[in-house]
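K.L.:
coordinates only, sequence not included:
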């Protein structure tokens, strides 16, 4: 009994010690930005990190999206985050902050990795204490833990609105809702000006970006009195996220083929938006093959894509791959999906899927959707090995379009 008591006391002392030094670390970083929302957080984090770098801040960025990375102002080389055995855990934020302090950073832009409402509170109050909050959007995803409605999701983001700080949001149905809470907390609200981001501005980037994400990043420049020209320089220098949408031109079996990487969009609304941008860019959109990647832990998302996207997106061919594809097959078998051919190749790895469908997709415009993790990574690896050309302008501003530079590893 005495040993248990002693052990408990030791644990309490260690906890107090860790909390003290984490708070001390936070206090040395004057600018702390919490990037929250459903979709586009990694992209916004990267754009904001680029802006602060161009403005002369010693900034560290941390993404948790397609591939968790740390971004340092003094190098284009990104640091890959290798997690401990327990996997992703909001507790790793303490180690991220410590790494930023060790690098003598004076700004930290962190993508919020918390999902559940309780963890949202802990992430903000205990681990980041951001004085600039960012809510990129409110969309239908993670409904099992944040929902079941959009109102519930919006409410889950409220704890990350800082006290006496600044809040950056996009215009939309929850604008006044967030403003009301910000006012109670004496926090200034900046609403992103999406109207100023047109086709000319979008063409400056080497990847497909949503105007809303660019506008939100620019709002940070306004919040910190950074010149807009400098902000644009920083955004154009920023490396895109590994999961950012791109259009690739391929030669498959001697036929010109296009691949639109929309796997990382994750939600139906963003996926439709990507396709609209592809159409407006003049790519062929007649002979379409949709490749939907399903995940066993995202069955509700697979069903949503089947019910809301595939039923409203006529195509020549639909390939359903990954795990737990039955919800999609059920919607197809009900006769609600319009396509000439439907192939369910579940539980095959991505390389095997490519071999199975190579002849079917040759000469088509392939649209990858649903989820980027797992089978999609393998499928893209097989697909892009035969890539002849990336059909996008060369990025003369220095950004690494494929983010291959990751020679350093941070063990968290």
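P.N.:
Perfect, thanks for sending it. This one's a predicted model, so the numbers in the text were calculated from it and none came from an experiment. Numbers count the residues shown, from 1 in each chain.
K.L.:
residues touching residue 235, list them.
P.N.:
47, 50-51, 205, 214, 217-218 (CB atoms under 8 Å, 6 or more residues apart in numbering). Using the backbone N, CA and C atoms, a C-beta is placed for each residue, glycine as well.
K.L.:
ok, now residue 231?
P.N.:
51, 54-55, 217-218, 220-221.
K.L.:
pretty sure it belongs to a helix, no?
P.N.:
Yes. Checked against DSSP: H, G, I helix; E, B strand; the rest coil, residue 231 lies within a helix.
K.L.:
For it, which non-adjacent residue is spatially closest?
P.N.:
The spatial neighbour of residue 231 that comes closest, neighbours along the chain excluded (CB to CB, 6 or more residues apart in numbering), is residue 221 at 3.7 Å.
K.L.:
Count the neighbours of that neighbour for me.
P.N.:
Each residue near residue 221 was counted by other CB atoms under 10 Å, and the total is 22.
K.L.:
can you give me the strands in the stretch 1-150 of the chain?
P.N.:
31-36, 59-63, 69-72, 79-82, 107-111, 132-135 (DSSP state E, counting those that start in this stretch).
K.L.:
out of those strands, which comes closest to residue 161?
P.N.:
For these, proximity to residue 161 was assessed by CB to CB; strand 132-135 is nearest, at 5.1 Å.
K.L.:
got a list of contacts for the closest one?
P.N.:
Contacts of strand 132-135 (CB under 8 Å, 6+ apart): 31-37, 44, 48, 124, 157, 160-162, 165-170, 178, 187, 216, 220, 223.
K.L.:
quick one: strands adjacent to it?
P.N.:
Note on strand 132-135: by DSSP bridges, its sheet partners are strand 31-36 (parallel), strand 166-169 (parallel).
K.L.:
So which of those strands is nearest residue 324?
P.N.:
Using CB to CB, the strands paired with strand 132-135 put strand 31-36 closest to residue 324, at 28.3 Å.
K.L.:
Next, the angle strand 107-111 makes with that closest one.
P.N.:
10 degrees (axes from the mean of the first three to the mean of the last three CA atoms, to 10 degrees).
K.L.:
Show me which positions of strand 31-36 end up buried.
P.N.:
31-36 (16 or more other CB atoms under 10 Å).
K.L.:
Repeat that for stretch 305-325.
P.N.:
305-310, 313, 315-325.
K.L.:
From these, which land in helices?
P.N.:
Assigned to helices by DSSP state H, none of these qualify.
K.L.:
How about the contacts made by the closest residue to residue 185 other than its chain neighbours?
P.N.:
Once flanking residues are discounted, residue 185 sits nearest to residue 163: 4.5 Å by CB to CB, 6+ apart. Applying CB under 8 Å, 6+ apart, one finds that residue 163 lies in contact with 185-187.
K.L.:
Ok, residue 58 next?
P.N.:
Here residue 58 is in contact with 73-74, 103-107 (CB under 8 Å, 6+ apart).
K.L.:
tell me the domain ranges of this structure?
P.N.:
26-241, 247-388 (automatic domain parsing).
K.L.:
for the strands paired with strand 132-135, which one sits closest to residue 349?
P.N.:
Closest approach to residue 349 among the strands paired with strand 132-135 is made by strand 31-36 (32.9 Å; CB to CB).
K.L.:
Which one of the strands paired with strand 132-135 lies nearest to residue 329?
P.N.:
Going by CB to CB, the one of the strands paired with strand 132-135 nearest residue 329 is strand 31-36, 34.8 Å.
K.L.:
any idea how far that closest one is from the chain center?
P.N.:
With CA atoms, centre = their mean, to the nearest Å as the basis, strand 31-36 stands 15 Å off its chain's centre.
K.L.:
what's the average pLDDT for it?
P.N.:
Across strand 31-36, pLDDT averages out at 97.
K.L.:
Same question for stretch 326-333.
P.N.:
95.
K.L.:
which outside residues touch that stretch?
P.N.:
292, 294, 299, 302-303, 305-307, 310-311, 318, 320, 337, 339, 342, 344.
K.L.:
now do 10 Å
P.N.:
For stretch 326-333, contacts defined as CB atoms under 10 Å, 6 or more residues apart in numbering pick out 292, 294, 299-308, 310-311, 318, 320, 322, 325, 336-339, 342, 344, 346, 370.
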